[in-house]
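Colleague: need coordinates for the below:
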Amino acid sequence: MFEHLTAVPADPLLGIMATFAADPNPRKVDLGVGVYKDEQGTTPIFPSVKAAELKLITSQTSKVYVSPTGSPGFNRLLPEMIFADAGGVLKEGRVAVVQTPGGCGALWVAAKFLKRMRPDATVWFTDPTWANHEPLLGDAGLKLASYPYYKQGSSEILFDEMMATLSKVPADDIVLLHGCCHNPSGADLNRDQWKTVCDLAKKNGFLVFIDLAYQGLGEGIDEDAFGPRLMAEQLEEMIVVSSCSKNFGLYRERTGSLCVLTRNAVNATAVVTHLNKIVRGMYSMPPAHGATIVETLLDDPQLKAQWIAEVADVRARLKSLRQSFADAMQRRLGDDHFRFIQNQHGMFSFLGLTAEQVAQLQRDFSIYAAGSSRINVAGLSVNNVDYVAEGVAAVLG
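Modeller: Okay, here's the model as predicted:
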């Protein structure tokens, strides 16, 4: 049965990881892998998360399955963090919620749900977008298309081109937006742009689908939810998927959420039954540990306040690294060409290098980035930022 198979090409980022690990250069820098790192190059456990986990372990009395929808406390508290009191949608019971195995699980369940609801619909996503959007949504059988969003090395979103394309999206289609900290560009819609997109969705009737994977890492926990909250106030239906990997540091715990905004509580109840059926046929029940950590943390005012402060520290560090890199490039090039990186948000940005220049950066300096020149800003540190700037300036000639 399997003898005819040939190997599938390795994921490019996984290839970078392997090559980086084998590189003997003591000055090597990994800017490719998309996880948060501290100054020591490790991905830490938030102290508040560790405290919540210890509290959970001492109080937990069973490891019995949760239901297909997941932890009830998590499903109450995480939507509150996303929507707050926007449009009264939580108070009115208009949001159907399921806990999922990470943001990827949320995207997959949402894709299967959309395929059932709108089998002929097309999902429109930003060009560029996160590399996993296409396989997650496409493998579920949805048609895919892209709209202009960002040009590498630019300081601005291609908003006019974006709106020109979205104005032609039919009512039965779906438009995927990044809630904040756009991956891979770091370029986010401003509030006026969010309002313009919202007005168009309300006018033309396409379904808004928001991927909120980095809430808190851009401008703030509430500030980063501006788009979803605005849409909740103005639209009758919407989908929001979220991840706890980055803002809670729960990468390996695979903790995420899918929220479906509906017209009323009756619709929301019906949606949950469909989501349960999809979940039951895939992984049956989600893993509980990460979600219960989040639930424990958010339900404890002291731990929640501590976590908010810790996320603020991560956000401040990312902003500082962006400025340090832009300053270092200015010193070497004598201009502000890379100042756009300082003005972006979250973990990612494009350097605007060619694939050949990225390869040279790796070959000559042991500085590793994705072939597209997307870098993980968190891979920079006070100790290597000048070295990275030196390498980038050298390959630019």
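
Colleague: what's A326 in contact with, if anything?
Modeller: Contact analysis of A326 by Cβ atoms under 8 Å, 6 or more residues apart in numbering lists 336, 338-339, 341-342. In short, each C-beta sits where N, CA and C put it, glycine included.

Colleague: make it 7 Å
Modeller: By Cβ atoms under 7 Å, 6 or more residues apart in numbering, the residues touching A326 are 338-339, 341-342.

Colleague: return the set of buried residues in the strand or helix carrying it.
Modeller: Element membership of A326 [criterion: DSSP states H and E] is helix 301-333. Within helix 301-333, the residues scored as buried using 16 or more other Cβ atoms under 10 Å are 303-304, 306-307, 310-311, 314-315, 317-319, 321-322, 324-330.

Colleague: N190: how many residues sit nearby?
Modeller: Number of residues near N190 (other Cβ atoms under 10 Å) recorded here: 11.

Colleague: separation between it and F226?
Modeller: Going from N190 to F226 by Cβ to Cβ, to the nearest Å gives 9 Å.

Colleague: also S320?
Modeller: Distance from S320 to F226, by Cβ to Cβ: 23 Å.

Colleague: would you check that E253 makes contact with A291?
Modeller: No - the pair E253 and A291 does not pass the contact test of Cβ atoms under 7 Å, sitting 8.1 Å apart.

Colleague: domain assignment for this structure?
Modeller: Per automatic domain parsing, the domain ranges recorded for the chain read 12-43+312-396, 65-299.

Colleague: what would the ones you listed look like in TSV with mean pLDDT?
Modeller: TSV is the format used below for those (pLDDT from 0 to 100):
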stretch	mean pLDDT
domain 12-43+312-396	95
domain 65-299	97
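
Colleague: can you name the next helix or strand after the strand or helix carrying V208?
Modeller: For V208, the enclosing helix or strand under DSSP H and E is strand 207-212. Sequence-wise, the next helix or strand downstream of strand 207-212 (DSSP H and E) is helix 226-234.

Colleague: can you give me how far that following helix is from the chain middle?
Modeller: From the chain centre to the centre of helix 226-234 is a distance of 18 Å (Cα atoms, centre = their mean, to the nearest Å).

Colleague: and what of stretch 144-151?
Modeller: Relative to its chain's centre, stretch 144-151 lies at 17 Å (Cα atoms, centre = their mean).

Colleague: in it, what counts as buried?
Modeller: By neighbour count on 16+ other Cβ under 10 Å, the buried set for stretch 144-151 is 146-151.

Colleague: surely I174 touches M117?
Modeller: No - at 9.8 Å, I174 does not count as touching M117 under the criterion of Cβ under 7 Å.

Colleague: which one's more surrounded, these two?
Modeller: Shown here are I174 and M117; by other Cβ under 10 Å, I174 has more neighbours (23 against 14).

Colleague: name whatever forms a beta bridge with the more buried one.
Modeller: Using DSSP bridges, the bridge partners assigned to I174 are V123, L207.

Colleague: residue contacts, it?
Modeller: If you count contacts by Cβ under 7 Å, 6+ apart, I174 has them with 114, 121, 123-124, 206-207, 209.

Colleague: same thing but 8 Å
Modeller: I174 neighbours (Cβ under 8 Å, 6+ apart): 114, 118, 121-124, 142, 206-209, 239.

Colleague: among those residues, name the buried ones.
Modeller: Of these, these count as buried by 16+ other Cβ under 10 Å: 114, 121-124, 142, 206-209, 239.

Colleague: okay, buried residues for stretch 367-387 please.
Modeller: Across stretch 367-387, burial judged by 16+ other Cβ under 10 Å covers 367-381, 384-387.

Colleague: L217 touches R322, doesn't it?
Modeller: No - with contacts counted by Cβ atoms under 8 Å, L217 stays clear of R322, the gap being 12.0 Å.

Colleague: from L361, how far off is the closest residue to Q357 other than its chain neighbours?
Modeller: Nearest non-adjacent residue to Q357, counting by Cβ to Cβ, 6 or more residues apart in numbering: V395, 4.4 Å away. Distance, V395 to L361, using Cβ to Cβ: 5 Å.

Colleague: show me the residues around K28 that make contact.
Modeller: 20, 366-368.

Colleague: what would stretch 26-40 look like as PDB? C-alpha coordinates only.
Modeller: This file holds the C-alpha atoms of stretch 26-40, laid out as PDB (Å, rounded to 0.1, in the frame of the first residue of the first chain):
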ATOM      1  CA  PRO A  26      29.400  30.600  18.200                       C
ATOM      2  CA  ARG A  27      27.800  33.900  16.800                       C
ATOM      3  CA  LYS A  28      25.000  32.200  15.000                       C
ATOM      4  CA  VAL A  29      21.600  33.800  15.300                       C
ATOM      5  CA  ASP A  30      18.200  32.200  14.700                       C
ATOM      6  CA  LEU A  31      15.600  34.600  13.400                       C
ATOM      7  CA  GLY A  32      13.500  32.000  11.700                       C
ATOM      8  CA  VAL A  33      11.600  29.900  14.200                       C
ATOM      9  CA  GLY A  34       8.400  31.700  15.100                       C
ATOM     10  CA  VAL A  35       8.300  31.400  18.900                       C
ATOM     11  CA  TYR A  36       8.900  34.100  21.500                       C
ATOM     12  CA  LYS A  37      12.400  34.100  23.000                       C
ATOM     13  CA  ASP A  38      13.900  36.100  25.900                       C
ATOM     14  CA  GLU A  39      17.400  37.700  26.100                       C
ATOM     15  CA  GLN A  40      18.900  34.300  26.800                       C
END
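
Colleague: for N247, see how far away V294 is.
Modeller: Distance, V294 to N247, using Cβ to Cβ: 10 Å.

Colleague: and G103, how far from G334?
Modeller: For G103, the distance to G334 equals 41 Å [Cβ to Cβ].

Colleague: who has more neighbours out of these two?
Modeller: A direct count of neighbours by other Cβ under 10 Å for G103 and G334 places G103 higher, at 26 against 8.

Colleague: which SS state does that one fall under?
Modeller: G103 carries the three-state label helix when classified by DSSP: H, G, I helix; E, B strand; the rest coil.
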